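*Asks:* Test case, fold it:
(2 chains)
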Amino acid sequence: MKTVRIADFKAHVGEEVLVQGWLHNKRSSGKLQFLIVRDGSGFAQAVVAKAGVPPEAWEAGDAMGQESSLELTGKVKEDKRAPGGFEVEVTGLKAIHVTHDFPITPKEHGTAFLMENRHLWLRSQRQHAILRIRHAVVKATRDFLDDQGLTLVDTPIFTPAACEGTTTLFGVPYFDEGTAYLTQSGQLYNEANAAAHGKVYCFGPTFRAEKSKTRRHLTEFWMVEPELAFAHLEDALKLAEGLICSVVRRVLETRKEELKTLERDVAQLEKIQSPFPWLHYDDAIKLIQSKGSQTQWGSDFGGTDETVIAQAYDRPVVVHRFPSAIKAFYMEPDPDNPVYSLSADILAPEGYGEIVGGGERMSSAESLLARIHEHDLPEEAFRWYIDLRRFGSVPHAGFGMGIERVVTWICGIDHLRETSAFPRTLYRIYP
RNA sequence: UCCUCAGUAGCUCAGCGGUAGAGCAUCCGGCUGUUAACCGGAGGGUCGUAGGUUCGAAUCCUACCUGAGGAGCCA
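*Replies:* Numbers count the residues shown, from 1 in each chain, chains lettered A, B, ... in the order given. As a prediction, this is how the structure comes out:
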């Protein structure tokens, strides 16, 4: 008999099928067993009637504890009483591996315990839904950028020095070359790739050794970074806007069930449409100060500030032209007033904070060299980067989008760590 | 690095100076439509660690360890 995945039940109503999976939960009476079975594609209820199966099948159901692996045969039926709308009327049931004492019971658990058992927690309905949404986000991101004519050119994970010379990096011994560092951004290499391919993106893991201990930070996270040649700040941010709208639309279309499992208010996501509002840094400062923030002009926003700004809108907001002094050395100054840089962040609604950061890159070799000296960076390490301005320099811009932050926002959950199968945080590297 | 809170059964917690408790999980029994099923019974403990106060400490004090939340930091 052919194995049918639970997600495909709709096309097999009335047929006898084989299901291979695990026992998620069980309820039973003297003559009936209700097995909630999951097979990776979904969850379904299997009903075993003592009178309707061979005795060994009934005993198998009786003996199985939570998360036992099993194979069953039965007829697919539509039934409103069953979770998911379909159930299987079991004709045969066999345990592959009987297990008891699965640590994660259907009752409440604390985060520490769940994180300690992350390898098992992944099987729960909620975690399953979140990671399925993450997959949709990644797929939609790639599809959108590919359709816009960008070429995927991945950048290295081992790097010789700080990309921006500011944040803390993880160092690893690298043969006789001394210390290599895990990348914190593919951007500088992206600029080289953009000069070769015109429009590129990289998509991979990035690493930050900051001792951040908040619900918005991981030490290892995934970031997609598009970079466009012959482009200005507005061009890059328009691409980001299209990307975000496209990703949200895709999740709404293809992950309805998962959003329902997470009890996500989809009305909030349906509002995500172009155009996004643009807010100048100066106006953003005025806005948060009027709401009682102590943040002064010339500083970056705190977590609370971002929430206050985002709450003023029902869709993501673009905050642009941060002072050059608080941005990375390679940001192009605004020609109208060089105190400001051609940079922008996109803040997600509902207090989820920054999901995109980007800007226009400095295109003059002389200005860039001056900046490198101002920031006290080793000129030799950036020789290749300056070369990009010596051989056919063009205006170019790009941005980075943090995948986990986007997934957290779309799922409407309160902590970044659930969006990664095995999140790396300040005090946890097991499992 | 700083601030706050918490460590008691496998899990979630109550107990806050005088016999170690509950719900869930596990095991046994009952129930033909359950929805975190329900009902009855059983087993399960170095009260985070070390010291101190006391006739007596899970409970009060000190230090340390571990974790959570937040701040700082952070495309």
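
*Asks:* and residue A:173, what does it touch?
*Replies:* Taking C-beta atoms under 8 Å, 6 or more residues apart in numbering, we find residue A:173 in contact with A:179-180. The C-beta positions use only the backbone N, C-alpha and C, and glycine is treated the same way.

*Asks:* how close does it sit to RNA strand B?
*Replies:* Separation of residue A:173 from RNA strand B (C-beta to the nearest atom of the strand, to the nearest Å): 23 Å.

*Asks:* Then residue A:4?
*Replies:* In terms of C-beta to the nearest atom of the strand, residue A:4 sits 19 Å off from RNA strand B.

*Asks:* ditto for residue A:44
*Replies:* On the measure of C-beta to the nearest atom of the strand, residue A:44 and RNA strand B end up 11 Å apart.

*Asks:* Over to that residue. Which of the three states is it?
*Replies:* Per DSSP: H, G, I helix; E, B strand; the rest coil, the secondary structure class of residue A:44 is strand.

*Asks:* Excluding residues flanking it in the chain, which one is nearest it?
*Replies:* Distances taken as C-beta to C-beta, 6 or more residues apart in numbering place residue A:6 nearest to residue A:44, at 4.6 Å, with adjacent residues excluded.

*Asks:* Could you tell me which residues make contact with the one you found?
*Replies:* Per C-beta under 8 Å, 6+ apart, neighbours of residue A:6: A:19, A:21, A:37-39, A:41-44, A:84, A:86.

*Asks:* and the least confident of the residues you listed?
*Replies:* Among the contacts of residue A:6, residue A:84 has the lowest pLDDT, at 76.

*Asks:* Let me know the helix or strand that that residue is in.
*Replies:* Using DSSP states H and E, no element contains residue A:84; it sits outside every helix and strand.

*Asks:* Over to the one 3 residues further on?
*Replies:* Element membership for residue A:87, per DSSP H and E: strand A:86-97.

*Asks:* helices or strands up against that strand?
*Replies:* strand A:16-28, strand A:43-49, helix A:55-63, strand A:69-78 (3 or more C-beta pairs under 8 Å, 6 or more residues apart in numbering; DSSP states H and E).

*Asks:* May I have the strands that pair with the second one, each with its orientation?
*Replies:* Note on strand A:43-49: by DSSP bridges, its sheet partners are strand A:32-38 (antiparallel), strand A:86-97 (parallel).

*Asks:* What are the contacting residues of the strand holding residue A:87?
*Replies:* Contacts for strand A:86-97 (C-beta under 8 Å, 6+ apart): A:6, A:9-10, A:13, A:16-17, A:19, A:35, A:37, A:44-49, A:52-54, A:57-58, A:60-61, A:63-64, A:68-79, A:81.

*Asks:* what's the spacing between it and its chain's center?
*Replies:* Computed by C-alpha atoms, centre = their mean, to the nearest Å, the chain-centroid distance of strand A:86-97 equals 35 Å.

*Asks:* most packed of the strands paired with strand A:43-49?
*Replies:* Neighbour counts (mean count of other C-beta atoms under 10 Å) averaged over each of the strands paired with strand A:43-49 peak at strand A:32-38, with a mean of 21.

*Asks:* quick one: is that one near RNA strand B?
*Replies:* Yes: residues of strand A:32-38 are located near RNA strand B by C-beta under 7 Å from any atom of the strand, namely A:32, A:34, A:36.

*Asks:* Which neighbouring residues are in contact with the nearest residue in space to the first one that is not next to it in sequence, exactly?
*Replies:* Excluding its sequence neighbours, the residue lying closest to residue A:32 (C-beta to C-beta, 6+ apart) is residue A:49, at 5.8 Å. With contacts taken as C-beta under 8 Å, 6+ apart, residue A:49 has the following neighbours: A:31-32, A:89-90.

*Asks:* pLDDT added to these, as TSV?
*Replies:* Below are these laid out as TSV (pLDDT from 0 to 100):
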residue	pLDDT
A:31	88
A:32	90
A:89	93
A:90	94
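
*Asks:* Can I get these in TSV including distance to residue A:180?
*Replies:* Listed next are those as TSV, based on distance: C-beta to C-beta, whole Å:
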residue	distance to residue A:180
A:31	65
A:32	61
A:89	59
A:90	56
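
*Asks:* Nearest to residue A:372 among the residues you listed?
*Replies:* Looking at the contacts of residue A:49 and their distance to residue A:372, the nearest is residue A:90, at 69.5 Å (C-beta to C-beta).

*Asks:* Report the beta-bridge partner residues of the closest one.
*Replies:* Under the criterion used (DSSP bridges), residue A:90 bridges to residue A:74.

*Asks:* And for residue A:45?
*Replies:* residue A:36, residue A:87.

*Asks:* Count the residues that sit near it.
*Replies:* 20 (other C-beta atoms under 10 Å).

*Asks:* now, the most widely separated pair of the contacts of residue A:49?
*Replies:* A:31 and A:89 (14.2 Å).

*Asks:* Next, residue A:383: phi, psi?
*Replies:* phi -60, psi -50 (degrees, to the nearest 10).

*Asks:* what's the distance between it and residue A:395?
*Replies:* 22 Å (C-beta to C-beta, to the nearest Å).
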